[in-house]
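Chemist: Sequence and predicted model, in that order:
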Amino acid sequence: MITRDSAVPLYIQIKEYIRQNIVSGVYSENTRIPSERQLSDQFEVSRLTVTKAITELVQEGLLHTRVGKGTFVTPGKINQELRTLTSFTEEMLRRGQSAASRVLYASVDPAEEEIARALSLVPGAKVMVLKRLRLSDEQAIALEITHIIDALCPNILVNHDFSCESLYRVLRDEYGLHMTHAQQTIEARRATATELELLKIDSHTPILSMTRITFNEQDAPFEYTRSAYRGDRYKFNAVLHSVG
Ligand code: GLP
């Protein structure tokens, strides 16, 4: 509840009231919070005071507005550990969330120069190219373009449907590929027009752009993937050990 004779400004008190309701689950993920009018009636304050409280919570990423629909509670970020070589499907299932994909492109193409270099191929050698929109609990989370050396997975696209199958599971179980380690880079950038549309984000949402080169037990690269993860839905964590 708010106190009028407090030194804490009213908008801060309202902001903390909303934050408490989010943290305690009274306002649950993806649900609409009471309208500005309802909150200003409830607390007998001006609409402007409520707007200020909500604007700050939107800036902090706890709430988001949908035009013409209201203000909603933003779901917590997926927190991925950077220690193990896992697939999107494994990550989601471990969290009890569903994993699916929308296949946007699937083909065997000659490798572009950059891809050929990363995979130690001669330019023009064949690679399986798979472009997928990755979904978790039916929400688009990431856009990925994967290149796998075609000679290591012949006919993979003919025999598998990657809208519901895990690529890593198929590579391991059907093609006997032993993936031992990967080199991954992560950087922040703005979304491209395609990403804005496919990930259904606005231009303020940052993208976590990742590149992964995956190696087998002979230390030979076989996968090159570029991913664009929603920066508002994903975060990475790593355990750091002192060298001293
Ligand atoms: C992650 C990695 C990709 C990898 C993919 C496999 O998203 N960033 O490099 O290709 O997992 O996912 P799945 O096995 O679910 O198809």
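Modeler: The structure has been received and is ready for your questions.
Chemist: CA only for contacts and neighbour counts going forward, please
Modeler: Fine.
Chemist: Contact residues of this protein facing the ligand?
Modeler: When proximity is defined as C-alpha under 6 Å from any ligand atom, the chain approaches the ligand at 87, 88, 89, 146, 166, 167, 168, 169, 212, 225.
Chemist: Show the pLDDT at the fourth one.
Modeler: Residue 146 carries a pLDDT value of 98.
Chemist: Can you classify the residue nearest to it when sequence neighbours are not counted by secondary structure?
Modeler: In space, residue 146 comes closest to residue 225 once its chain neighbours are excluded; the distance is 4.2 Å by C-alpha to C-alpha, 6 or more residues apart in numbering. Local secondary structure at residue 225 is given as strand here, using DSSP: H, G, I helix; E, B strand; the rest coil.
Chemist: Please name the bridge partners of residue 225.
Modeler: Residue 225 forms beta bridges with residue 146, residue 212, as assigned by DSSP bridges.
Chemist: What lies in contact with the helix or strand of the chain with the lowest mean pLDDT?
Modeler: Of all helical and strand segments in the chain, the minimum by mean pLDDT, DSSP states H and E falls on strand 78-81, at a mean of 86. Counting by C-alpha atoms under 8 Å, 6 or more residues apart in numbering, strand 78-81 makes contact with 91, 233, 234, 235, 236, 237, 238, all of which sit outside it.
Chemist: ok, 10 Å please
Modeler: If you take C-alpha atoms under 10 Å, 6 or more residues apart in numbering as the criterion, strand 78-81 is touched by 86, 91-92, 95, 141, 231-239.
Chemist: Same list, those residues, but as JSON lines with neighbour count please.
Modeler: Formatted as JSON lines, the entries for these read as follows, by neighbours: other C-alpha atoms under 10 Å:
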{"residue": "86", "neighbour count": "15"}
{"residue": "91", "neighbour count": "17"}
{"residue": "92", "neighbour count": "18"}
{"residue": "95", "neighbour count": "10"}
{"residue": "141", "neighbour count": "22"}
{"residue": "231", "neighbour count": "22"}
{"residue": "232", "neighbour count": "20"}
{"residue": "233", "neighbour count": "19"}
{"residue": "234", "neighbour count": "16"}
{"residue": "235", "neighbour count": "15"}
{"residue": "236", "neighbour count": "13"}
{"residue": "237", "neighbour count": "10"}
{"residue": "238", "neighbour count": "9"}
{"residue": "239", "neighbour count": "7"}
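Chemist: In strands, which of the residues you listed fall?
Modeler: When DSSP state E is applied, the contacts of strand 78-81 are split such that 141, 234, 235, 236, 237 fall in strands.
Chemist: Output the residues you listed as CSV; include the columns distance to residue 42.
Modeler: As requested, these are exported to CSV (distance: C-alpha to C-alpha, whole Å):
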residue, distance to residue 42
141, 36
234, 35
235, 36
236, 39
237, 40
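Chemist: from these, which is closest to residue 54?
Modeler: residue 234 (22.6 Å; C-alpha to C-alpha).
Chemist: Dig out what the closest one forms beta bridges with.
Modeler: residue 78.
Chemist: check contacts around it.
Modeler: Residue 234 sits in contact with 76, 77, 78, 79, 80, 141, 142, 207, 208, where contact means C-alpha under 10 Å, 6+ apart.
Chemist: among the residues you listed, which ones are buried?
Modeler: 78, 141, 142, 207, 208 (16 or more other C-alpha atoms under 10 Å).
Chemist: Look up phi and psi at the residue nearest to residue 108 when sequence neighbours are not counted.
Modeler: Counting by C-alpha to C-alpha, 6+ apart, residue 108 lies nearest to residue 128, which is 4.4 Å off, once chain neighbours are set aside. Here is the backbone geometry of residue 128 (degrees, to the nearest 10): phi -80, psi 130.
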